[in-house]
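**Student:** pasted the sequence and its predicted model underneath.
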Amino acid sequence: MRTAKLVGTPEKIAAIPLDHKLYKNTNDKYTNIRLIDEEGRNIPFAVKNVFPLHDKHLYAVYSGTMSDFKLDIPRKTASAEFSISPEGNISRLTFPAMKNEQGREISLDFFNAKGEKVAEKKNILLKQSKHDDRTVYTEFPAVKAQRVRVTLTEPDQERLSAAKEFFKRIAINQAVPLKTPGKPEVKNITLPEISRFNKGQLTEITVDANRIPCTELFLQNDDKKFERYVEVFSKTKEQEKCIASQNLTQDTKGIPLPEIRGDYYVIRIYNANKEPLKNLNLLWEIKQKVLMFIPPEKGNVKIYYGGDDKMMPYDIEFADQYGLPPQIYELGEEVESPDYAPKIPAINLYKYFLWVVIAIGAVLLFIMIIRMMNKALNSESYRNGAK
């Protein structure tokens, strides 16, 4: 069990990013997760994907509170200040993609809780998101700050006048720690000559997957030109299954992977009669998932997971209709909760009641049959004695 603390004030939609502990202790369909408010009630939630990000660069998205807006028409600039509570590591800003947003220039000033400027970034160009054509973004090494001032430089006065609406939809992104697939164990194995792939040197790499669903694997190495046949296996304690295979070259280094949550990934690189690749590095693309829900009016929420009880998460399809980034709840430390017994939904009570009635009926029927058999045996014994 863990307590999740709301960052900022409650909005229409909130989210809890899944970290490696949640991935490791939940089932494949995330149905053994419960969100409970301070009054002990279940909170409906949906598991949603956030944009994919590479390796350790994963972000939670939350909205800062716009505390100040200034428009300077002569200088063709507009600025807004955003307060963040608590102080966090800001590493990315996401904006709505309105008209011709790509190439728009912004500057950033960062301030700590004391109001001191701790960093600045000038003349940053916004980039179009590859995974969501509705947003543009800028990302940078994380800066620990409580306030950020965003200044927009816009040669078009008409668009500059609409800057306040632009700022209202800003998303401030904080880096989220997620334990990605661990340090690989590499073996070079000599194979018998069976086929054009299964011969010569095989490089086998085993990686602790932490049950995190990776969506693509990239191979990086120092060789300018190479060609290798590669297989990727998902491995659990029970089985090992091939989930992807591809002939990789210098131009096509990525292997798309299905979202499978295994304990280990095993990557087999068939070198044939060539030398094993040198300085091989693995880069994983991970699709960050969040639990999206409507937050309670006050208080934090508790998240329970890892139990055997199953309840399908609610599907909140209307969550996207607001078009705004969700407020983020920060997860606290893990605490054991063996006494936790979630409330059984009313729809399931009838099922349990029906099974109880059937079981009682079966027991009563069995007792009646035994009594009838005993009565018949006693009657037969009496007749035999009378003779």
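**Tutor:** Yes, it's here.
**Student:** can you give me the helices for the protein?
**Tutor:** 20-24, 157-161, 163-168, 346-386 (DSSP state H).
**Student:** what mean pLDDT would you report for the second one?
**Tutor:** Across helix 157-161, the average pLDDT comes to 69.
**Student:** ditto for the longest one
**Tutor:** Helix 346-386 shows a mean pLDDT of 72.
**Student:** give me the below-cutoff pLDDT ranges for the stretch 51-200 of the chain.
**Tutor:** 51-65, 85-88, 96-104, 129-135, 155-156, 158-159, 165-166, 168-183, 190-200 (pLDDT under 70).
**Student:** mind listing the strands for it?
**Tutor:** 59-62, 65-72, 77-96, 105-111, 117-125, 127-128, 135-153, 171-175, 185-191, 200-208 (DSSP state E, counting those that start in this stretch).
**Student:** just grab the bridge partners of N247 for me.
**Tutor:** Y229 (DSSP bridges).
**Student:** ok, it touching R228?
**Tutor:** Yes. At 7.5 Å, N247 and R228 qualify as touching, with contact defined as C-beta atoms under 8 Å. C-beta coordinates here come from the backbone N, C-alpha and C atoms, glycine included.
**Student:** those two: which is more packed in?
**Tutor:** Ranked by neighbour count (other C-beta atoms under 10 Å), N247 and R228 place R228 first, with 21 against 11.
**Student:** from L219, how far out is the more buried one?
**Tutor:** Using C-beta to C-beta, to the nearest Å, we find R228 at a distance of 8 Å from L219.
**Student:** and for those two, which residues touch both?
**Tutor:** 248, 269, 277 (C-beta atoms under 8 Å, 6 or more residues apart in numbering).
**Student:** give me the number of residues near the residue lying closest to the second one once chain neighbours are set aside?
**Tutor:** Distance criterion C-beta to C-beta, 6 or more residues apart in numbering; nearest residue to I269, sequence neighbours excluded, is T203 at 4.2 Å. Per other C-beta under 10 Å, the neighbour tally for T203 reads 18.
**Student:** ok, now D208?
**Tutor:** 16.
**Student:** offset the numbering so it begins at 806, please.
**Tutor:** Got it, the first residue is 806 from now on, which makes the last one we talked about D1013.
**Student:** distance-wise, check it relative to K829.
**Tutor:** From D1013 to K829 the distance is 10 Å (C-beta to C-beta).
**Student:** E1021 against I1060, yeah?
**Tutor:** Yes. Look at E1021 against I1060 with C-beta under 8 Å: they come within range, at 6.6 Å.
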